[in-house]
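1. structure for the following, please:
(3 chains)
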Amino acid sequence: MAKAEKYRLAQIVERFGGEILGDPQTSIGQVATLESAAAGHISFFSHRKYRKQLADTRAGAVILGRTDTGLTELPRIVSDDPYLYFAKVSALFNPPQTIKPGVHRTAVVERGTRIPASASIGAGAYVGRRVKLGKDVVIGPGCHIGDGVEIGAGSRLHARVTVYPGCRFGQRALVHSGAVIGADGFGIAQDHGAWRKIPQIGGVLIGDDVEIGANTCIDRGALDDTVIEDGVKLDNLIQIGHNVRIGAHTAIAGCTGIAGSTRIGKHCMIGGAANIVGHLDIADRVVIHAAAVVTRSIERAGTYGGHPAEDSRSWTRNVAHLRHLDALRERVRHIEQQLSLPGEEA
Amino acid sequence: MAKAEKYRLAQIVERFGGEILGDPQTSIGQVATLESAAAGHISFFSHRKYRKQLADTRAGAVILGRTDTGLTELPRIVSDDPYLYFAKVSALFNPPQTIKPGVHRTAVVERGTRIPASASIGAGAYVGRRVKLGKDVVIGPGCHIGDGVEIGAGSRLHARVTVYPGCRFGQRALVHSGAVIGADGFGIAQDHGAWRKIPQIGGVLIGDDVEIGANTCIDRGALDDTVIEDGVKLDNLIQIGHNVRIGAHTAIAGCTGIAGSTRIGKHCMIGGAANIVGHLDIADRVVIHAAAVVTRSIERAGTYGGHPAEDSRSWTRNVAHLRHLDALRERVRHIEQQLSLPGEEA
Amino acid sequence: MAKAEKYRLAQIVERFGGEILGDPQTSIGQVATLESAAAGHISFFSHRKYRKQLADTRAGAVILGRTDTGLTELPRIVSDDPYLYFAKVSALFNPPQTIKPGVHRTAVVERGTRIPASASIGAGAYVGRRVKLGKDVVIGPGCHIGDGVEIGAGSRLHARVTVYPGCRFGQRALVHSGAVIGADGFGIAQDHGAWRKIPQIGGVLIGDDVEIGANTCIDRGALDDTVIEDGVKLDNLIQIGHNVRIGAHTAIAGCTGIAGSTRIGKHCMIGGAANIVGHLDIADRVVIHAAAVVTRSIERAGTYGGHPAEDSRSWTRNVAHLRHLDALRERVRHIEQQLSLPGEEA
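-> Residues are numbered from 1 along each chain as shown, chains lettered A, B, ... in the order given. Take a look at the predicted model:
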């Protein structure tokens, strides 16, 4: 990617703080991993298991923590949070791509929708009636934007995103290809052995600074809205059922499913391929392990895992027991022999 | 959504049965939840845990069960199945959107395909050769309909659905965005350390009244067809492998995977994120819990869960035991001490 | 599908080896299952549980193994590996569809990209700047090919595939609809309670002969590339995180998720709906059961399953124990009674 501008370490520290050890005039043009870095690159060191890579790196400079400054002689920036510092530096060298404003000649914009001069509508995109787009919005090629949709300033939808009618995004949304926002929730009622569909007339309401991964689905509400609060980050291939609410600044890794009407708190972290059944309440600041199956509400901040999910220490202990069940059986058999008891049915 | 026509309670009961308590002239314009409802709305009460919401609601009327009639003074419709009744009332107020017939100027229809005058082909949609569409079929913007596909009357494909060549739908199909019908099944054979692809020459055969969720995939058969029978309801992000058969009126929640050649019975309910391995037979009227991993055929109607799945009572009991293993170990240790036995290897 | 050319058994054996029993002049026009086959079809028999189907088949000929030749009197081809033999015969009768070269009038090709005369760009497809396509490449209708993408000779992307800028495919790639290659990895850093996005500036590097299923996602690398080696086969709805490396000739079934920076060895087979957490190393020739949750690196070839995954024999044994826990508890209770010990807290 990356014909980035160059910065000296001194300029970087001027922007983001931190302390320089080594030559502050070291010129940097891009970020890289310790293994791939060359002279013009800055890398970062965040875990002791990468000491060898740090020793061998050909990076021009390294970002690291206060306790690790002795591990290299390279020019380095010392930070309390090297990973966050690195995130900022990477964003400096890799600003979001500028997209030329304008409506592509092959795009279709229905009557009653006004496209701001600063917005971009890609090739083959479809924009329905009464759509409201903020400043600098980018609708990628092949996107489908249903009637009455609202998308806040600075948002970008990559190619081939679908937004059903009436869904609303805040500012600076980032949506990846294949995502489907506002399809019908799975609302059906038994009717003498067949299923009768329940119209899904709620919408989807998405806050500011939300990122939505590729092929992720967020269903519209049955009656009220499905709500994704500010700063939520969703990875790929996630399913969010109807009338779910996800609290601000919660991050959810890929392949997770959250069934209808469940409410997730703020500042939660949910591992990949987790499954959270419907109609639960998950507290703020809950961490859920990858592949956990959450079948009950969680009332307290903490870490949870397993199938069904329980607090993480119990889960770890029980799994350990499970692995030693063989030994426990042997001990019981031994006792039975000592007591001349019959033991298990042969 | 929803500039719905208004109906009086008396008119609703005339259509759907049930009994009115309170003013039969109460005028209703839309459905809503107990919490969100205003004067012109009708809501429903289906579980005692929402008593407070019922007490506080500002709805104009409520649908409820015979044993709950005393819980509110509001005008109400009494029904043996309030949820089903509500589904019917919601459909009355929210009929499917009418789509203007015609072929959008940016759609591509290949030679040899005749589009019925009542059908609608959306912007940028592609319709291949020898495609047969029934009356009133709606092909949404950006859909891809391969050669020889057949879609029955009254079906609607939302934007950006893909149907591979030769797949056949019955009447009144409802397919959500991003769904992929008829991609190759995962058929590969080992050939001296590499994989050799097995051509997937079967099709997909879908009955009447089938709903398919967003980004769900139904693979074409290897040789014979993959079959989805009448009235099946599939949620989002489901994977249906090649040569699976799903029996009539079975409902499957999101993120579930069903591997190749498995047959699911009729009237089953399968929870979200379940995984059913290949070549199994699942009986009629089987209920499978969310996140269950089904590794053996299920011969009897009943409820099953767990990893691997077993009947639901055993699973619940075993999980409970797992949680008490700690105590069981302590008891064995105590016995060993009593008997001066050595116990576990330190 | 299938107006295939006809071949006599003698011609088939001339191409692929094996031995004929019965009339070598038997004429075959297509492959079929034992149950569906008619006179002009060849079928295959690979498992004794299908003996009845073999006895009843109306196939013109059958492929089977050396020890099964006595099970039918039909003309038959004897092979050491009937399934592989069948794969070859099926490919003979079902060669890949020929797609007419040329750029559809509704496709958009940006300046600076040259489309080879032998390539095909489907209706409504978008091809960005500086894209390099090999000979005979097929870009299906509605595909999105970002700037700088490279796709090797003989590759086919079905309708509605998305490839983000800079991703590179080897030769003979086969990509199914809805797949998203090169979306941003899930890279975020905590910043005082909010999440800060880390630019994802790596790419995706895909080897030769890779198949990618419908709606599968392969994220671009954070800094270095995500790598899919030669001959890898990926089913539908799979999530491959950033900087994952998948070794040559590994096959992965649907709904599986592999989190960031994990390395999978060569010749592995991973069952459906498996979940492999990030930053692990999985050895060559590892087999992972469907729905396994892999939380630790696997250093040795073998078969692994469970949640969390362990080697398959332990998992099977522990699950069996779990099912007998009830009995074990009873035995402990009985011992306690014999010893007049108090036992569990009532």
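
2. CA only for contacts and neighbour counts going forward, please
-> Noted.

3. isn't A:Ala117 right up against A:Val103?
-> No - here A:Ala117 lies out of contact with A:Val103, judged by C-alpha atoms under 8 Å, at a distance of 9.0 Å.

4. between the two, who's got more neighbours?
-> The neighbour count for A:Ala117 versus A:Val103, taken as other C-alpha atoms under 10 Å in any protein chain shown, is higher for A:Val103 (20 against 12).

5. the more buried one contacts A:Ser118, correct?
-> No - the pair A:Val103 / A:Ser118 is not scored as a contact, 10.1 Å apart, by C-alpha under 8 Å.

6. got the residues of the stretch 51-200 of chain A near chain B?
-> When proximity is defined as C-alpha under 8 Å from any C-alpha of the partner chain, the stretch 51-200 of chain A approaches chain B at A:108, A:124, A:126, A:142, A:144, A:162, A:166, A:178, A:180, A:183-184, A:186, A:188-191, A:193-199.

7. so of those residues, which ones are in strands?
-> Residues of those located in strands (DSSP state E): A:108, A:126, A:144, A:162, A:180, A:188-191, A:194-197.

8. just the buried residues from the residues you listed, in ChimeraX please.
-> Per 16 or more other C-alpha atoms under 10 Å in any protein chain shown, the buried members of those correspond to this ChimeraX selection:
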select /A:108,126,144,162,180,188,189,194,195,196,197
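
9. for chain C, what's the nearest residue on chain A?
-> Residue of chain A nearest chain C, by C-alpha to the nearest C-alpha: A:Ala87 (5.0 Å).

10. in which helix or strand would I find that residue?
-> In this structure, A:Ala87 sits in helix A:82-93 according to DSSP states H and E.

11. helices and strands around that helix, which ones?
-> Applying 3 or more C-alpha pairs under 8 Å, 6 or more residues apart in numbering or on different chains; DSSP states H and E, one finds that helix A:82-93 contacts helix A:9-16, strand A:30-31, strand A:41-44, strand A:61-64, strand C:188-191, strand C:194-197.

12. just how off-centre is it within its chain?
-> 18 Å (C-alpha atoms, centre = their mean, to the nearest Å).

13. quick one, that helix and helix A:9-16 angle?
-> 100 degrees (axes from the mean of the first three to the mean of the last three C-alpha atoms, to 10 degrees).

14. quick one: mean pLDDT for helix A:82-93?
-> The pLDDT scores in helix A:82-93 average 97.

15. contacts for that helix?
-> Here helix A:82-93 makes contact (C-alpha atoms under 8 Å, 6 or more residues apart in numbering or on different chains) with A:2, A:4-6, A:12, A:16, A:29-31, A:43-46, A:63-65, A:79, C:188-191, C:196-199.

16. what's the following helix or strand after it?
-> Elements were assigned by DSSP H and E; along the chain past helix A:82-93, the next helix or strand is strand A:102-103.

17. any idea how far the nearest residue to A:Gly60 once chain neighbours are set aside is from A:Ser27?
-> The shortest distance from A:Gly60 to any non-neighbouring residue, by C-alpha to C-alpha, 6 or more residues apart in numbering or on different chains, is to A:Ala39 (4.3 Å). For A:Ala39, the distance to A:Ser27 equals 9 Å [C-alpha to C-alpha, to the nearest Å].

18. please apply the same query to A:Ile181.
-> As judged by C-alpha to C-alpha, A:Ile181 and A:Ser27 stand 44 Å apart.

19. if we can go back for a sec, quick one, which of the contacts of helix A:82-93 are buried?
-> Using 16+ other C-alpha under 10 Å as the burial test, the contacts of helix A:82-93 include A:12, A:29-31, A:43-45, A:63-65, A:79, C:188-189, C:196-199 as buried.

20. let me have the helices and strands packed on helix A:82-93 in TSV, extended by distance to A:Asn94.
-> As requested, the helices and strands packed on helix A:82-93 are exported to TSV (distance: least, C-alpha to C-alpha, whole Å):
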stretch	distance to A:Asn94
helix A:9-16	14
strand A:30-31	8
strand A:41-44	13
strand A:61-64	17
strand C:188-191	15
strand C:194-197	11
